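Colleague: The following block contains a protein sequence and its predicted model.
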2 protein chains.
Amino acid sequence: MVSYGRGEEIVSANSRLTIAAHAMAWISLYQRQGHEVATSEQIATSANTNPVVIRRLLGELRKAGLVESRRGVGAGWSLARELESITLLDVYDAVEPGPLFAMHRATPDQGCVVGYGIQPAMQGIYRGIEETLRAELARVTMEDVLRDILATPR
Amino acid sequence: MVSYGRGEEIVSANSRLTIAAHAMAWISLYQRQGHEVATSEQIATSANTNPVVIRRLLGELRKAGLVESRRGVGAGWSLARELESITLLDVYDAVEPGPLFAMHRATPDQGCVVGYGIQPAMQGIYRGIEETLRAELARVTMEDVLRDILATPR
DNA sequence: AATAGTCGTAACGCTAGTTGTTACGACGAC
DNA sequence: GTCGTCGTAACAACTAGCGTTACGACTATT
């Protein structure tokens, strides 16, 4: 197993969406060059991470019907749908588990006006905000992402 | 120190914004009832958490100029601005540290077309999405939040 | 039938963030 | 001087994400 050098940046947030988009873009480009399937090893080299990380992420994308995998000797990954028909929201839903914001860990004091009303109030507000976020993610297709990638000046 | 019973829900995401909004709403309502300052102990009881958690969060809100604190015997917390002038974005910026989505932990393969273009591409996309999220958070004032809290049917 | 390449997945360690808790000094109204 | 509260350090517990190793499952090729 190749040992990949680690970067030095300190990162707190999730890179799952970024890596998943990276993998799909890589597969698509590779297929457009005439290859049938891409291996997790190849994708991992491009993303500078471990093949198992790629396989785990692609496994979730497969559950969502976005990619397919073959096993055996000529094995690897291919796209299940055209990039134009896949949005970042599809990828987001496939790889991101929970809601953006959470409620209190322990139920607030139901005898207090604020403690009683805060959760319904915030849930309503958060619902609207997440809807907006989802609409934004749905506006970007993976074809847009690949176009932006190829448009980066060298 | 009072021991608060823990809820049983499994929560992964951040409740910081929720608790911060809870605290500000509580302080405001308490002040509207004629009191000068609210203590972290009182707020913690309403939010069903520990006073230190409240003090930590309110400390960040103070750095952002949203609340003030007094020390000494009649000590406690008060609002530095009217609730109408404080938006959820102000609170979000005060208590949430990083960006929503992250890039790769280690720099992707710069010799690969995808590895080279993916970060500029995703950064541009994420920038737009976070701007939209911030605009949504800015549309909601803490006065709106308190109104929603008080409007919850019992 | 044997081989070999790749997936599928379990298991574990490391790092980091969040929350809860205890403890104690600092401050200031009385 | 006293006392109540803040300010903050320190630590434990828990969770999530990522990287890594290991190995069985599968299948094209020979």
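Modeller: Yep, that arrived. Numbering: from 1, shown residues only, chains lettered A, B, ... in the order given.
Colleague: for chain A, what are the low-confidence residue spans?
Modeller: Scanning chain A for pLDDT under 70 picks out A:1-13.
Colleague: those strands in it, which residues are they?
Modeller: Along chain A, counting by DSSP state E, strands occupy A:67-70, A:76-79.
Colleague: Which one of the ones you listed lies nearest to residue B:23?
Modeller: Distance to residue B:23, taken as CB to CB, is lowest for strand A:67-70 among these, at 44.7 Å. The C-beta positions use only the backbone N, C-alpha and C, and glycine is treated the same way.
Colleague: Centroid-nearest residue for chain A?
Modeller: Per CA atoms, centre = their mean, the C-alpha nearest to the average position across chain A is that of residue A:17, at 2.7 Å.
Colleague: So what's the residue count around the nearest residue to residue A:68 once chain neighbours are set aside?
Modeller: Leaving aside its sequence neighbours, residue A:68 sits nearest to residue A:80 (CB to CB, 6 or more residues apart in numbering or on different chains; 4.8 Å). Applying other CB atoms under 10 Å in any protein chain shown, we find 15 residues neighbouring residue A:80.
Colleague: so residue A:80 touches residue A:63, yeah?
Modeller: No. Judged on CB atoms under 8 Å, residue A:80 makes no contact with residue A:63 at a distance of 11.1 Å.
Colleague: how much space between the residue of chain A positioned farthest from its centre and chain B?
Modeller: In chain A, the residue that sits farthest from the middle, by CA atoms, centre = their mean, is residue A:111; the gap is 41.4 Å. Remark: distance between residue A:111 and chain B (CB to the nearest CB, to the nearest Å) = 9 Å.
Colleague: Could you pull up the residues touching residue A:123?
Modeller: Shown in contact with residue A:123 (CB atoms under 8 Å, 6 or more residues apart in numbering or on different chains): residue A:103.
Colleague: if we can go back for a sec, return the most buried member of the strands of chain A.
Modeller: Each of the strands of chain A was scored by mean neighbour count; the highest is strand A:76-79, a mean of 21, by mean count of other CB atoms under 10 Å in any protein chain shown.
Colleague: Contacts for that strand, please.
Modeller: The contact list for strand A:76-79, computed with CB under 8 Å, 6+ apart, reads A:23-24, A:27-28, A:31, A:36-40, A:43, A:58, A:66-70.
Colleague: Give me the buried positions along the longest helix along chain A.
Modeller: For chain A, the helix reaching the highest residue count under DSSP state H is reported as helix A:113-138. For helix A:113-138, the neighbour count (16 or more other CB atoms under 10 Å in any protein chain shown) marks A:113-119, A:121-122, A:125-126, A:129, A:132-133, A:136-137 as buried.
Colleague: now the angle between helix B:113-138 and it, please.
Modeller: Per axes from the mean of the first three to the mean of the last three CA atoms, to 10 degrees, the angle that helix A:113-138 makes with helix B:113-138 is 140 degrees.
Colleague: Please name the residues that touch the residue nearest to residue A:68.
Modeller: Contact partners of residue A:80, counting by CB under 8 Å, 6+ apart, are A:62, A:65-68.
Colleague: quick one: which of these is nearest to chain B?
Modeller: For the contacts of residue A:80, the closest approach to chain B (CB to the nearest CB) belongs to residue A:67, at 15.4 Å.
Colleague: That closest one and residue A:61 touch, don't they?
Modeller: Yes. Assessed by CB under 8 Å, residue A:67 is found in contact with residue A:61 at 4.7 Å.
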